[in-house]
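S.K.: My questions are about this predicted structure, shown below with the sequence.
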Amino acid sequence: MLEHVVNGLVLGGTYSLVAMGLTIQYGIARIMNLGFGDMIIAACLATYVLFTTLSINPIIALLILAPAGYAVNNLIYRVLMKPLVARAPDEGALEVDSILVTFGLLFVIQGLLLALFGGGYTSYSFLNTPVSVLGTVVAGNRLLALVLSLVIGGALVIILFRTRWGMILRAVALAPKSAPLFGIDTDRAARTAFAIGGAMAATGGVVISMFQTFTATAGVVFTMKALIVVILGGKGSVPGAIVAGLLLGLVETFVAAYVDPGLTLAAVYTVFLVLLLVRPNGLFGKA
Amino acid sequence: MKNSLLEAVCATRRLTTCALAALALASSVHGVAAQERDKVTIGYAVSKSGPNAGGAGMTVTPNYELWVQEVNAAGGLKMPDGSQLPIEVIAYDDRSSAEEVVRAVERLATQDKVDIILPPWGTGFNLAVAPLMAKFGYPHLAGAAVTDKASDFVKRWDTSFWFMGGSADYVSAFTDILVAERAAGRINDKIAMISVADGFGIDLVKAARPSFEAAGFDVTYDKSFPPQTSDFATILNEAQSSEADTFVAFTYPPHTFALTKQAKVASFSPPVFYLGVGAAFPVYPKIADGSVEGIMSLGGVDPNNALNNAYRAKHQEVVGRGADYWGSVLIYASLQMLEQTVARVGLDKAAVAAELSSGTFSTVLGAETRLENNQLRAINWVGQWQDGTFVAVSAEGGGNKMQVKLRNPAGNNPTNLTRYLSGQIVFGPDNS
């Protein structure tokens, strides 16, 4: 019983880590980024290259790639998203436009990765060491994903709810039209949020590459999973993403252990449907 | 008004002239082709992107490229009259879509009018193009396709050739090994088995259930999982507590790699540890971080076969990475057979098919490779990692196969040794 809880939380940690970046991009910058998973894959492949050719430790790669993710996404926002935001008459239009543009972005990133790395399976071993947690042996790299998601999630919550800067971000998320009336630079706030989301995608990619086999075209899988977690947790809610991610991990593990591993996906979508029926805006979403 | 009319007439005349010129050009090209050909066009559609790209890029495409490069470097494809023609390749990406592969093959046959069509990767894709290949009369050398129905397919499409055997072949060879090991008292009669709920996993597990049962084994844990599964901690936990000495997983590469890594973390090391696609990839030991000794899977090579070793060295040199230990050598052998067939009978499709069916060839598999009922049967069914090489094994060894070595025969446990060396366990008088 306890071992399933530990395994479930460790698995859910990965889901939370991946989903937090997307929820920030979606909730604050109001960009539904369908290319999110491909940014994760880009970070996976970058880590792989750094590790195998330059023998740079993935932990150090994290320190390089997270800022790189921030910079790249900042640039993407300036070049691709800013014109959309500027011309969108309302939120709904921006959402549709951003979905179309990031759908294109998905294929651009995927195409680049395919051209650079080919379509083969990529995998390596790092930190694949047994760590005992409450008597259950888990892989060190997966535990790292859980710890990182909790630490980053905690830090984000503190920043968002305890600092002036966080308040600005929340103001933009809550009322993008009224925020400028209080002297808030909404463009800058949205850009920062989008870039933070990109840095989170890179972080997720680095950690996931340590234990999961990936291909240049596997990004969609991550986007899908992250999207489920984001909607479950409530759009734009960091605590929601963490709780929903851990919940999915627990559901998958318990179903695999007590029902049938073949039904894990079905169980995840059942939870998804039931929760949406009860709480249409997600666990932590505001009506 | 008059002007514009004139212009229109002129335009029409220009167009007619163009069309005439084009027709003339086309017919002259045709004329040359009919008189003497200066090259052989070979076309293929394989998955360069999408979910199948990983498998195709490992087993099929590198061998096509290697073979074409070798043939062209040697002056071209030999014809019966002794002349040599360079190969020109027309390659399409089927984007891992069955509709796309059918369309591409149709295009190769009707528009590009290539001389030879090489098959795509995957059982489903080969079955998808088989009727088309038969319709246009192209010999179909289905390399990367595992099917139990090859004999039926040969009846339906008599120009089809099958090089990878069927699920039942792989499973029954593996069952023979298990029976011998159980008789020797090295394993119990329990088996824990998992499979991916997708093509390969479904086929293999369907063949495995009756085979294990007929041999008197008790499959205590038998579960399938969705292809998207990436975490196997719970499944391994359950398999571990099933007390089976044999763990079988019919999986695709992402699952194979994840299972290997997580089994290592969980110190799960049953005497028989059998995994699916990916365990015969040359990169596998690196991905598994070394702990692969004794792991079994489909395929395997004879480490003392000089021809095969030369092929592997050449593959490494030209492609830049090693060939996989299962399908690659079979694909390459099928291309060598094709090359020798063309040298004997030329490019007439029916003649090529007849010669492939009845001829004897010298390939990397051996000096006398021949097909039985249009199927290659000289395949290594079970392989095992031994001393850094994935060798073909059988219960007794002998022939071109090594004897199977279980993972932890008493007192010499490679996994425990690794753990001992890394300081995780200490051998004492009690647990040595």
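M.R.: Here it is on my side, so go on.

S.K.: Which single residue of chain B approaches chain A most closely?
M.R.: residue B:53 (2.7 Å; Cβ to the nearest Cβ). (C-beta placed from N, C-alpha, C; glycine too.)

S.K.: Now that residue. Nearest residue, chain neighbours left out?
M.R.: residue A:119 (2.7 Å; Cβ to Cβ, 6 or more residues apart in numbering or on different chains).

S.K.: That neighbour: what's it in contact with?
M.R.: By Cβ atoms under 8 Å, 6 or more residues apart in numbering or on different chains, the residues touching residue A:119 are A:215-217, B:47-50, B:53-54, B:56-57.

S.K.: ok, so of the residues you listed, who is nearest residue B:136?
M.R.: residue B:47 (21.5 Å; Cβ to Cβ).

S.K.: which residues sit in contact with that closest one?
M.R.: Contact analysis of residue B:47 by Cβ under 8 Å, 6+ apart lists A:119, B:53, B:55-56, B:93-96, B:101, B:120-122, B:125.

S.K.: One more: residue B:80?
M.R.: B:343-346.

S.K.: Can you flag the buried ones in these?
M.R.: Among those, the ones that count as buried by 16 or more other Cβ atoms under 10 Å in any protein chain shown are residue B:345.

S.K.: Just want the residue of the stretch 51-200 of chain A that's nearest chain B.
M.R.: For the stretch 51-200 of chain A, Cβ to the nearest Cβ, closest residue to chain B: residue A:119, 2.7 Å.

S.K.: Phi and psi next, for that residue.
M.R.: For residue A:119, the backbone dihedrals (degrees, to the nearest 10) come out as phi -100, psi 10.

S.K.: Which parts of chain B belong to which domain?
M.R.: B:40-165+B:304-369, B:168-302+B:381-421 (automatic domain parsing).

S.K.: sorry, back to before: flag whichever of the contacts of residue A:119 scores worst on pLDDT.
M.R.: Among those, residue B:50 has the lowest pLDDT, at 77.

S.K.: Setting the sequence-adjacent residues aside, check what's closest to that residue.
M.R.: Distances taken as Cβ to Cβ, 6+ apart put residue B:96 closest to residue B:50, at 2.6 Å, once the chain neighbours are dropped.

S.K.: what's the answer for residue A:212, then?
M.R.: Distances taken as Cβ to Cβ, 6+ apart place residue B:230 nearest to residue A:212, at 5.3 Å, with adjacent residues excluded.

S.K.: surely that neighbour meets residue B:258?
M.R.: Yes - using Cβ atoms under 8 Å, residue B:230 is in contact with residue B:258, at 6.0 Å.

S.K.: per-residue confidence at the residue of chain A positioned farthest from its centre?
M.R.: Distance from the C-alpha centroid of chain A peaks at residue A:181, with 31.2 Å (Cα atoms, centre = their mean). With respect to pLDDT, residue A:181 scores 90.

S.K.: Tell me which residues touch it, please.
M.R.: Residue A:181 neighbours (Cβ under 8 Å, 6+ apart): none.

S.K.: and residue B:141, that's in a strand?
M.R.: Yes - assignment of residue B:141 by DSSP: H, G, I helix; E, B strand; the rest coil places it within a strand.

S.K.: Please name the nearest non-neighbouring residue to it.
M.R.: residue B:334 is the one closest to residue B:141 (Cβ to Cβ, 6+ apart), at 4.6 Å.

S.K.: what residues are up against the one you found?
M.R.: For residue B:334, the contact set (Cβ under 8 Å, 6+ apart) comprises B:141, B:143, B:161, B:163, B:376.

S.K.: list the buried ones in the one helix or strand it maps to?
M.R.: Per DSSP states H and E: residue B:334 is located in helix B:327-345. Buried residues in helix B:327-345, counted by 16+ other Cβ under 10 Å: B:327-342, B:345.

S.K.: Over to stretch B:99-112?
M.R.: B:100-102, B:104-105, B:107-109.

S.K.: how far is it from where the chain is centred?
M.R.: Put simply, stretch B:99-112 sits 22 Å off its chain's centre (Cα atoms, centre = their mean, to the nearest Å).

S.K.: and that stretch, what's its mean pLDDT?
M.R.: Here the average pLDDT along stretch B:99-112 is 94.

S.K.: Let me know the pLDDT of residue 84.
M.R.: Here I'm looking at chain A. 88.

S.K.: try chain B instead
M.R.: In this prediction residue B:84 is given a pLDDT of 93.

S.K.: which residue is nearest the centroid of chain B?
M.R.: Closest-to-mean residue, chain B, Cα atoms, centre = their mean: residue B:327 / 3.3 Å.

S.K.: what's that residue in contact with, if anything?
M.R.: Contacts of residue B:327 (Cβ under 8 Å, 6+ apart): B:59-60, B:143-144, B:164, B:299.

S.K.: among those, which are in helices?
M.R.: Secondary structure defined by DSSP state H assigns residue B:59 of those to helices.

S.K.: Tabulate the contacts of residue B:327 in JSON lines, adding columns for distance to residue A:207, pLDDT and neighbour count.
M.R.: JSON lines is the format used below for the contacts of residue B:327 (distance: Cβ to Cβ, whole Å; pLDDT from 0 to 100; neighbours: other Cβ atoms under 10 Å in any protein chain shown):
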{"residue": "B:59", "distance to residue A:207": "30", "pLDDT": "90", "neighbour count": "27"}
{"residue": "B:60", "distance to residue A:207": "33", "pLDDT": "93", "neighbour count": "24"}
{"residue": "B:143", "distance to residue A:207": "38", "pLDDT": "87", "neighbour count": "27"}
{"residue": "B:144", "distance to residue A:207": "34", "pLDDT": "87", "neighbour count": "27"}
{"residue": "B:164", "distance to residue A:207": "37", "pLDDT": "92", "neighbour count": "26"}
{"residue": "B:299", "distance to residue A:207": "33", "pLDDT": "92", "neighbour count": "24"}
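
S.K.: could the contacts of residue B:327 go into JSON lines alongside distance to residue A:169?
M.R.: As requested, these are arranged in JSON lines below (distance: Cβ to Cβ, whole Å):
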{"residue": "B:59", "distance to residue A:169": "50"}
{"residue": "B:60", "distance to residue A:169": "50"}
{"residue": "B:143", "distance to residue A:169": "56"}
{"residue": "B:144", "distance to residue A:169": "52"}
{"residue": "B:164", "distance to residue A:169": "57"}
{"residue": "B:299", "distance to residue A:169": "55"}
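
S.K.: Name the pair among the contacts of residue B:327 with the greatest separation in space.
M.R.: Spatially, the most separated pair among those is B:60 and B:299, at 14.7 Å (Cβ to Cβ).

S.K.: hang on, the earlier thing: just among the contacts of residue A:119, which is most surrounded?
M.R.: residue B:54 (29 neighbours; other Cβ atoms under 10 Å in any protein chain shown).

S.K.: Verify the stated contact: that residue with residue A:215.
M.R.: Yes - between residue B:54 and residue A:215 there is a contact under Cβ under 8 Å: 5.4 Å.
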